[in-house]
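> any chance you can model this:
(one chain, ligands or ions: 1)
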Amino acid sequence: MTTEELKSINIDVENLGTSTGNTWFAKGDIIKSYSPTNGKLIASVKSTTRNEYDQVLAEAAKAKLLWRDIPSPKRGEIVRQLGDKLRELKPTLGKLVSYEMGKSYQEGMGEVQEMIDICDFAVGLSRQLYGNTIHSERPGHRMYDQYHPLGVIGIITAFNFPVAVWAWNAALALVCGNVIVWKPSEKTPICAVACQQIIADILKKNNLPEGISSLVTGDAEVGKWIAEDERITLVSATGSTRMGKEVAKTVAGRLGKSLLELGGNNAIIVTPSADLKMTVIGAVFGAVGTAGQRCTSTRRLIIHESIYDKVKNALVDAYKQIKIGDPLDTNHHMGPLIDTDAVHMYLTALEEIKKQGGEILVPGEVLTGAGYESGCYVTPVIAEVENHYDIVQHETFAPILYLIKYTGEVDNAIQLQNAVRQGLSSAIMTSNLRESEIFLSQNGSDCGIANVNIGTSGAEIGGAFGGEKETGGGRESGSDAWKAYMRRQTNTINYTTSLPLAQGIKFDL
Ligand code: NAD
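Below you'll find the predicted structure:
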């Protein structure tokens, strides 16, 4: 990416980092962000010091009093302006996402489109924060419930969706009347600086307080401050299950609220009536898209024995056509892993597959030579395994696809699909209505997302996004996920001159 392109999204100052609105603090240690595409330095940010963090929280506390008094449709207008600005900046911001995270340019642009979509959704939602009216059991009484803002929302995000996950949280939290403090992944801080610049400009143009949207940068330590902080009502944390367990414990310890979006171990069930072409496209995109670094990446294919060899051979053929290289070059299907630590985890997983009895069908290697200087490019792997292997039970954040055979009825496949600790995304490829309905029934998939005849990755923002079990149980984005960002209040109004008690209890003086 050129300096001019970075400047066009206001990344023209070294050592940005902590910010409330347009005010930047810069005292902490330097975090250098290198592109996994070519190993070059993109820019540096300064990590947030404890003192700066407390200043940010003080500004947020002030801003929340003003922001919550602004009518929700007017808050929606600010989010509309954010969506408009993102439309304008989509190609450049999409490119930065691709350059800093390593996903393809198409996927980088798709991520910005998701931000735009959630802004549109939130603008409409700003006029629809509905409660219910309820019939009272007492005469002359009226009951209803209504939703109020929570206050300050802490947003902790992962490297693999460096801008969209912030937008899912930010757009909803803001229309719901909350102020936000974001701690992005230390692996993708430049994308976060770009987003903060965009929203800060909008707040400034509208003469709104800076503390409505803040950025704090740094590693897990800064995330821990957020988890511990009683001034933060809701902690929305996206990342590994390991991180989620720590955050959940800390937030629960102070009886705060948490919204957790954690690891997945997603499977596609391939039944005898599956369309082979659709299955191959869905599985390959699901497994190699974003180099296997999506929470919804397809990790397991559970294939009926009657078509096992056919599907296996088609996949092995398809993998021969995958072009790996600079993700900004649209001829490439797959870019690099995020860093060399991720490469190390990939190599360790390959060793474990062999040790535990798996057979590697499409071997993995680290690519070297021209175009691969960053050391982060690997080849995608297919391995035959059994579902109970320890390595299969864990999420390896890399392009490794496991093939697992099932026999008999679809229930056996569902049992295998559910026999992992994670519960994010799942899919079935079938032309059989009965199988599809069983998969979607209460006896079917135990995941937060269950698809028929599409893969496990690539969710739309209109649905609630999230998963069960070790995926954390949170829901973000569409449907009624907004309710997590508000507190519900039940109101009972007596418009009579007597005081009847509920349940017919008598209490006369
Ligand atoms: P990670 O858990 O290493 O880090 C995520 C964020 O948490 C970072 O900002 C990090 O600094 C912070 N953090 C780490 N430990 C912390 C702690 N103890 N307290 C507070 N904050 C802490 O995850 P990652 O490697 O950046 O991302 C990959 C993981 O994220 C995968 O497991 C993936 O499945 C998951 N993910 C889930 C979803 C979802 O919606 N379910 C979406 C994207 C990514």
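> please report how far residue 25 lies from residue 229.
For residue 25, the distance to residue 229 equals 17 Å [Cβ to Cβ, to the nearest Å]. (C-beta placed from N, C-alpha, C; glycine too.)
> likewise for residue 73?
Separation of residue 73 from residue 229 (Cβ to Cβ): 30 Å.
> comparing the two, which residue is more hemmed in?
Neighbour count, other Cβ atoms under 10 Å: between residue 73 and residue 229, residue 229 has more, with 20 against 16.
> so what's the residue count around the residue of the stretch 51-200 of the chain found nearest the ligand?
Nearest residue of the stretch 51-200 of the chain to the ligand: residue 158, at 3.1 Å (Cβ to the nearest ligand atom). Using other Cβ under 10 Å as the criterion, residue 158 is surrounded by 23 other residues.
> same check on the one 10 residues further on?
Residue 168: 27 surrounding residues under other Cβ under 10 Å.
> next, it: secondary structure please.
helix (DSSP: H, G, I helix; E, B strand; the rest coil).
> so it sits against residue 461, correct?
Yes: using Cβ atoms under 8 Å, residue 168 is in contact with residue 461, at 7.2 Å.
> what is in contact with these two at once?
Residues touching both residue 168 and residue 461 (Cβ atoms under 8 Å, 6 or more residues apart in numbering) are 114, 118, 477.
> surely the second one is within a strand?
Right, residue 118. No: Residue 118: not assigned to a strand; according to three-state DSSP it is helix.
> need the pLDDT of the residue of the chain found nearest the ligand.
Across the chain, no residue is closer to the ligand than residue 223, which sits at 2.2 Å (Cβ to the nearest ligand atom). Residue 223 is assigned a predicted lDDT (pLDDT) of 98.
> who's in contact with it?
Listed by Cβ under 8 Å, 6+ apart, the contact set of residue 223 reads 156, 183, 237, 243, 247.
> okay, now the last one: neighbour count?
As a burial measure, the neighbour count of residue 247 was computed by other Cβ under 10 Å and equals 27.
> next to the ligand, which bits of the protein? Give me the list.
Contact residues (Cβ under 6 Å from any ligand atom) of the chain with the ligand: 156-161, 183, 185-186, 219-220, 223-224, 227, 238-240, 243, 246-247, 261-264, 295, 395, 397, 424, 467, 471.
> longest helix anywhere in the protein?
In the chain, assigned by DSSP state H, the helix with the most residues is helix 72-101.
> show me how far that helix is from its chain's centre.
17 Å (Cα atoms, centre = their mean, to the nearest Å).
> summarise which helices and strands that helix is packed against.
Judged by 3 or more Cβ pairs under 8 Å, 6 or more residues apart in numbering; DSSP states H and E, the packing partners of helix 72-101 are helix 3-8, helix 105-125, helix 164-175, helix 189-205.
> a markdown table please, covering those and showing distance to residue 507 and mean pLDDT.
Below are the helices and strands packed on helix 72-101 laid out as a markdown table (distance: least, Cβ to Cβ, whole Å; pLDDT from 0 to 100):
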| stretch | distance to residue 507 | mean pLDDT |
| --- | --- | --- |
| helix 3-8 | 70 | 80 |
| helix 105-125 | 43 | 97 |
| helix 164-175 | 43 | 98 |
| helix 189-205 | 52 | 96 |
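> for these, which one ends up most surrounded?
helix 164-175 (a mean of 27; mean count of other Cβ atoms under 10 Å).
> off-centre distance for that helix?
With Cα atoms, centre = their mean, you get 11 Å for helix 164-175.
> got the angle between it and helix 72-101?
Helix 164-175 runs at 170 degrees relative to helix 72-101, counting by axes from the mean of the first three to the mean of the last three Cα atoms, to 10 degrees.
> got any ranges where this protein has weak pLDDT?
For the chain, the stretches with pLDDT under 70 are 12-15.
> centre-most residue in it?
By Cα atoms, centre = their mean, the chain has its centre lying nearest to residue 165, at 4.7 Å.
> is that one in contact with residue 261, as I believe?
Yes: if you go by Cβ under 8 Å, residue 165 and residue 261 touch, sitting 7.4 Å apart.
> can you list residues touching both of these two?
Both residue 165 and residue 261 are contacted by 238, 476, under the criterion Cβ under 8 Å, 6+ apart.
> buried ones in stretch 426-437?
Buried residues in stretch 426-437, counting neighbours by 16 or more other Cβ atoms under 10 Å, are found at 426, 427, 428, 429, 430, 435, 436.
> would a markdown table of the residues you listed with secondary structure be doable?
Converted to a markdown table, these look like this (three-state DSSP):
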| residue | secondary structure |
| --- | --- |
| 426 | strand |
| 427 | strand |
| 428 | strand |
| 429 | strand |
| 430 | coil |
| 435 | helix |
| 436 | helix |
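> which member of these is positioned nearest residue 413?
Of all the buried residues of stretch 426-437, residue 413 sits closest to residue 428, with 8.0 Å by Cβ to Cβ.
> which residues does that closest one contact?
Residue 428 makes contact with 268, 269, 271, 410, 435, 436, 439, 445, 450, 451, 452, 453, according to Cβ under 8 Å, 6+ apart.
> wait, what's in contact with the last one?
For residue 453, the contacting residues are 275, 278, 427, 428, 429, 430, taking Cβ under 8 Å, 6+ apart as the criterion.
> do that again at 7 Å, thanks
By Cβ atoms under 7 Å, 6 or more residues apart in numbering, the contact set of residue 453 is 278, 429.
> residue 428 versus that one, what's the distance?
Distance, residue 453 to residue 428, using Cβ to Cβ: 8 Å.
> related to what we said a few turns ago, please, which helix or strand holds the residue of the chain closest to the ligand?
Per DSSP states H and E: residue 223 is located in helix 220-228.
> now the helix or strand just after that helix, how far from the centre of its chain.
Once helix 220-228 ends, the next helix or strand along the chain (criterion: DSSP H and E) is strand 234-238. In terms of Cα atoms, centre = their mean, the centre of strand 234-238 is found 11 Å from the chain centre.
> sheet partners, orientation included, of strand 234-238?
If you go by DSSP bridges, strand 234-238 pairs up with strand 152-156 (parallel), strand 257-261 (parallel).
> the last one vs helix 220-228, what angle?
Right, strand 257-261. 140 degrees.
> residues in contact with the very next helix or strand once past strand 257-261: which ones?
Downstream of strand 257-261, the next assigned helix or strand under DSSP H and E is strand 266-270. Applying Cβ under 7 Å, 6+ apart, the external contacts of strand 266-270 come out as 279, 282-283, 286, 296-304, 307, 311, 410, 413, 417, 424-429, 439, 455-456.
> drop anything exposed from those.
Among these, those classed as buried by neighbour count (16+ other Cβ under 10 Å) are 279, 282-283, 286, 296-304, 307, 311, 410, 413, 417, 424-429, 439, 455-456.
> which of those residues fall within helices?
Using DSSP H, the buried ones among the contacts of strand 266-270 in helices are 279, 282, 283, 286, 311, 410, 413, 417, 439.
> from residue 120, how far out is the second one?
The gap separating residue 282 from residue 120 is 27 Å, by Cβ to Cβ.
> which residues does residue 264 contact?
The contact partners of residue 264, taken as Cβ under 7 Å, 6+ apart, are 295, 296, 395, 422, 424, 425, 467, 471.
> mind running it again at 10 Å?
Residues in contact with residue 264 (Cβ atoms under 10 Å, 6 or more residues apart in numbering) are 241, 294-299, 395, 420, 422-426, 447-449, 456-457, 467, 470-471.
> OK, contacts around residue 438?
Per Cβ under 10 Å, 6+ apart, neighbours of residue 438: 409, 410, 411, 413, 414, 428, 430, 432, 444, 445.
> just those residues now: which is nearest residue 20?
Of these, the one sitting nearest to residue 20 (Cβ to Cβ) turns out to be residue 445, at 42.9 Å.
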